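K.L.:
Got a sequence here, can you build the structure:
(one chain, ligands or ions: 1)
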Amino acid sequence: MADIDLRSYVNWINESGGSFNKIQLVKDDDGNGRSVFATETIQTNDSFATIPFRLAISEPVARQAFPDLGDFSCRIVMSLFVAHQKALGSSFYAPYLNILPTDIRTPFFFDSNDMKYLEHTNLALAVKERFESLRQTYEQLMALASISDQVKTLVTWDLFLWAHCAISSRSFPYKLIDPTYSNASSEVLFPLVDSLNHRPHTKITWSRSGDVATGSLTFVAGQPFAAGEQVFNNYGPKSNEERILSFAINDVVLLGYGFCLEDNQADHIALKPNITRDPKANEKLNILQRCNISSGNADHLTHYVHRQHIPPAYFKMMRVFVMNGAELAHYADCSDPGALDFVGFRNELAMLSVTTALLQSRVFAMKGDQLNRTNPTWWQKYALIYRDGQEQLYNHTLDLIQSHKLQVLQNMKKELDNKNLAPRAPFLSVLNPGHYQHGASEGGSVFIPLESVTITLKRLLAKDTAFKDIIDQLFEDIEEEEDVVLMLALIHESTKADSPWAPFIKATQLDRAEYRDAETRMDLEDLYNSLFPAFSDAFPTVFDPTIYTPDNFLWAENVVSNYTIDNPLVVIPL
Ligand SMILES: C[S@@+](CC[C@H](N)C(=O)[O-])C[C@H]1O[C@@H](n2cnc3c(N)ncnc32)[C@H](O)[C@@H]1O
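P.N.:
Sure, this is the predicted structure:
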C-alpha cells in the first residue's frame, strides 16, 4: 500500500530545499516508527541528509506563537506548540507531524502493570513525580487567559503528553541553529535527520551552515554504510535513565527516548544516604558544609555511581554520616576535606558496612519483585533491560565495596602485626597526624576475617572458661545484653597483664571521654547500680570490687560506644 504520509513528507522536504542522498525511510515492523536505510553505499564524508532550518520547530518559533508564556520552559512551550499544530491538521508542519510515531512509549505512558517493571528503581519515583508535575503544568496552561479557547479545546492532555514525549525522544540542541542563543538547554525538532536511530560509537558529523534564517543542517557520514544497511546516528553516551525518560542531572534536563541499551557503559545508580532520622543530622551536615563536600549534583546528597567508580565525595560524606559521638566531637570544627579521606579504622568499616546494607537492601527489594519475563511487551523489555542493568550495577558496586573492605582489613592486620597502634586514643587521623598512610595493601587478595583483627565477646569469653561460666549463670540471653556483657568482659580482660589487647586498653584508659554528657553518665550510673555490688557479692573473686569500679565501668562503656561497629558488635582495637 502506498505510504501517502511518507510521500507528502518527502515532497515537503524537497520543495523546501532539503535533500536526501542514498537513503530512504522505511516503516518499522510494528508500523509505528520509521528507520533510515542506505539505498546505495554511503562512503565516509558523504553528506546524506540536509534539512533547512526553516523546517525546524524551535523554541523561538514556539514562543512567537505563544508570546505570553515567558515563565514556562522551552520544553513546555514547544509541547503546546507541537500539540496545537498537530491538532490543526492543516499546519505548515503537518507533513512532518503526521509522520511521527503515534505510540511513543516512554514511562509516562506506562500503566500500573508496566510500572511494576520499574519498581524499586530510581525511575519509579522520578516518573511519578515528573508525570504529576507535567499534568499540573498542563492544567496551569489551560487556566491562562492568554491561551485562546480554540487552543484549549484542541490541545487535550493526551495530545500535550504525546507532544512532550515526541520532543523528549527526538529533539536536538537549538545551538545547532544558533550557537549564541541565550538558553543553553533550548531544543529543536529537525525533520528528516531525527529519523535516524541510535547506535553507540557511530561516527557522524552534524554540520551547520548559513545563518539562523536561511541556513541548514547536514549529516555527514564518518564511516561507510553498505547498501541496504541501517544508517545510524549517535545520540551520545547517555545512561538508560536518560534514554527512558527526561532526567535531570546537574540541573541540565537531558533527553529521554523510551528505549534502553544492554550493558550500557554510561549507566549509573543513584545513592542517597538517608539521615533524616539521625538526631545528629544537623551537626553532620554542618561538617559537610564547612568541608565543602557535596555530590556536585542538583541534590547535593545524591551521588551517581558508574561502573568502576564510586565518587570520593560519596565516601567522605558517608564517613561523616557514620561518625559516632567521639568522632563527631573531634571533627566538629573540621573544615579540611582532606581530613575526611580517612577518619579511622572504625569509621571506615562502619562506612563500608552501612553502604553494603544500603546496596543490599536495594538488591533484595528488586529481587523480591515478581515480574513476567516470558512474554513482556517491547517497552516492558526495555524496562527489564534498565532494571537488570541497575541490579548488575548494585552488585558490581557491592563488589567494589567488598574489595575496599578487604583492603582495610589487610591494613588493620598489618598494623596489629607490627604493633603500630596510633599514639593517641581515640585513634582518629585528626588526632594522629601522619600516622595513617595507607597505600595499596601488599596482602593481595588474602582474606582476613573481621574477627581476627577485632575484639569480640566470643573471643574474650573463649579465653576464660571460668569467667564465661559465671556470665552464663548471670545472663539468660547473652545476645540480648551483648553490650553490657562486653563491658564486663573488657574490664575482666583489662586485669590481664598478658592480654594481646593491653596496648589498646592502656591507650583507651587515657581517653578521658570528656565528651560523655551528663545524661550518659547518669544512665551509666543507673546501669552500674543495677549490677553492683550484687555481682561482686555473689562472685567476689571474678567481680573484684576494686576492679569493677564506676570509673572502669565508664572506660568500658566508652570503648563499647566509641570503638565498636555493629552487626556484628566488635571492638576495633586500633
Ligand atoms: C530520534 S527518534 C529515531 C526515529 C524513530 N525510529 C522514529 O520512528 O521516528 C528516537 C526514537 O527511536 C527509537 N530508537 C532510536 N534508537 C534506538 C535503538 N538503538 N533501539 C531502540 N529504539 C531506538 C526510540 O523509540 C526513540 O525514542
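
K.L.:
What is the neighbour count of the nearest residue to Phe315 once chain neighbours are set aside?
P.N.:
Nearest residue to Phe315, sequence neighbours excluded (Cβ to Cβ, 6 or more residues apart in numbering): Met351, at 6.7 Å. C-betas here are computed from N, CA, C, even on glycine. When neighbours are defined as other Cβ atoms under 10 Å, Met351 has 27 of them.

K.L.:
Pull the contacting residues for Gln390.
P.N.:
Residues counted as contacts of Gln390 (Cβ atoms under 8 Å, 6 or more residues apart in numbering) are 121-122, 267, 269, 366.

K.L.:
Tell me how many other residues crowd the single nearest residue of the chain relative to the ligand.
P.N.:
Per Cβ to the nearest ligand atom, Gly33 is where the chain lies closest to the ligand, at 2.5 Å. The number of residues packed near Gly33 is 17, by other Cβ under 10 Å.

K.L.:
pLDDT at the closest residue to it other than its chain neighbours, what is it?
P.N.:
Among residues not flanking Gly33 along the chain, Pro101 sits closest, at 4.4 Å (Cβ to Cβ, 6+ apart). Pro101 is assigned 94 on the pLDDT scale.

K.L.:
for the ligand, what are the nearby residues on this structure?
P.N.:
Contacts of the chain with the ligand, taken as Cβ under 6 Å from any ligand atom, map to 33-35, 101, 169-170, 194-195, 197-199, 257-259.

K.L.:
quick one: which of these sit in strands?
P.N.:
Counting by DSSP state E, the part of the residues of the chain next to the ligand found in strands is 34-35, 197-198.

K.L.:
Selecting buried members of those in PyMOL, what would you type?
P.N.:
Command for PyMOL, covering only those of those found buried under the criterion 16 or more other Cβ atoms under 10 Å:
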select buried, resi 34+35+197
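
K.L.:
now the helices: where do they sit in the stretch 301-450 of the chain?
P.N.:
Applying DSSP state H, counting those that start in this stretch to the stretch 301-450 of the chain gives helices spanning 312-321, 325-331, 345-368, 378-417.

K.L.:
Now, the contacts of Gln390 that are in helices?
P.N.:
122, 366 (DSSP state H).

K.L.:
can you put the contacts of Gln390 in JSON lines and add distance to Arg135, neighbour count and pLDDT?
P.N.:
Output for the contacts of Gln390, formatted as JSON lines (distance: Cβ to Cβ, whole Å; neighbours: other Cβ atoms under 10 Å; pLDDT from 0 to 100):
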{"residue": "Thr121", "distance to Arg135": "22", "neighbour count": "25", "pLDDT": "87"}
{"residue": "Asn122", "distance to Arg135": "21", "neighbour count": "20", "pLDDT": "82"}
{"residue": "Asp267", "distance to Arg135": "28", "neighbour count": "24", "pLDDT": "82"}
{"residue": "Ile269", "distance to Arg135": "28", "neighbour count": "23", "pLDDT": "89"}
{"residue": "Met366", "distance to Arg135": "28", "neighbour count": "17", "pLDDT": "95"}
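
K.L.:
Tell me which two in the contacts of Gln390 are the farthest apart.
P.N.:
Spatial extent of these (Cβ to Cβ) is set by the pair Asp267 and Met366 at 14.7 Å.

K.L.:
mind listing what Leu421 touches?
P.N.:
Leu421 neighbours (Cβ under 8 Å, 6+ apart): 415, 427, 503-504, 507, 574.

K.L.:
Which pair of the residues of the chain next to the ligand spans the longest distance?
P.N.:
Going by Cβ to Cβ, the pair spanning the residues of the chain next to the ligand furthest: Pro101 and Arg199, at 18.6 Å.

K.L.:
neighbour count winner among these two?
P.N.:
Pro101 (18 against 14).

K.L.:
residues in contact with that one?
P.N.:
Counting by Cβ under 8 Å, 6+ apart, Pro101 makes contact with 32-34, 166.

K.L.:
now do Leu189
P.N.:
Leu189 neighbours (Cβ under 8 Å, 6+ apart): 56-58, 78, 82, 96, 166-167, 170-172.

K.L.:
Where does the prediction get shaky in the stretch 201-350 of the chain?
P.N.:
237-257 (pLDDT under 70).

K.L.:
Could you chop this protein up by domain?
P.N.:
Domain assignment for the chain by automatic domain parsing gives 4-239, 268-446, 454-571.

K.L.:
what's the offset of the longest one from the middle of its chain?
P.N.:
Right, the one you point to is domain 4-239. Put simply, domain 4-239 sits 28 Å off its chain's centre (Cα atoms, centre = their mean, to the nearest Å).

K.L.:
Next: the second one.
P.N.:
Here the centre of mass of C-alpha atoms in domain 268-446, compared against the chain's by Cα atoms, centre = their mean, lies 12 Å away.

K.L.:
and it, how far apart are its ends?
P.N.:
Its first and final residues considered, domain 268-446 spans 30 Å by Cα to Cα, to the nearest Å.

K.L.:
Quick check: closest non-adjacent residue to the residue nearest the centre of the chain.
P.N.:
Closest to where the C-alpha atoms of the chain average out (Cα atoms, centre = their mean) is Ala270, at 0.9 Å. Excluding the flanking residues, the one nearest Ala270 by Cβ to Cβ, 6+ apart is Asn122, at 4.8 Å.

K.L.:
how far away is the one you found from Leu393?
P.N.:
According to Cβ to Cβ, to the nearest Å, Asn122 and Leu393 sit 11 Å apart.

K.L.:
list residues touching both of the two?
P.N.:
With Cβ under 8 Å, 6+ apart as the test, Asn122 and Leu393 both reach Ile269.

K.L.:
got any ranges where this structure has weak pLDDT?
P.N.:
Checking the chain against pLDDT under 70 turns up 1-2, 237-257, 438-444, 512-515.

K.L.:
how about a cut-off of 50?
P.N.:
243-255 (pLDDT under 50).

K.L.:
before we move on, the earlier item: switch the ones in strands among the residues of the chain next to the ligand over to CSV; also include distance to Gly325.
P.N.:
Shown next, in CSV, are these (distance: Cβ to Cβ, whole Å):
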residue, distance to Gly325
Arg34, 64
Ser35, 62
Asn197, 57
His198, 53
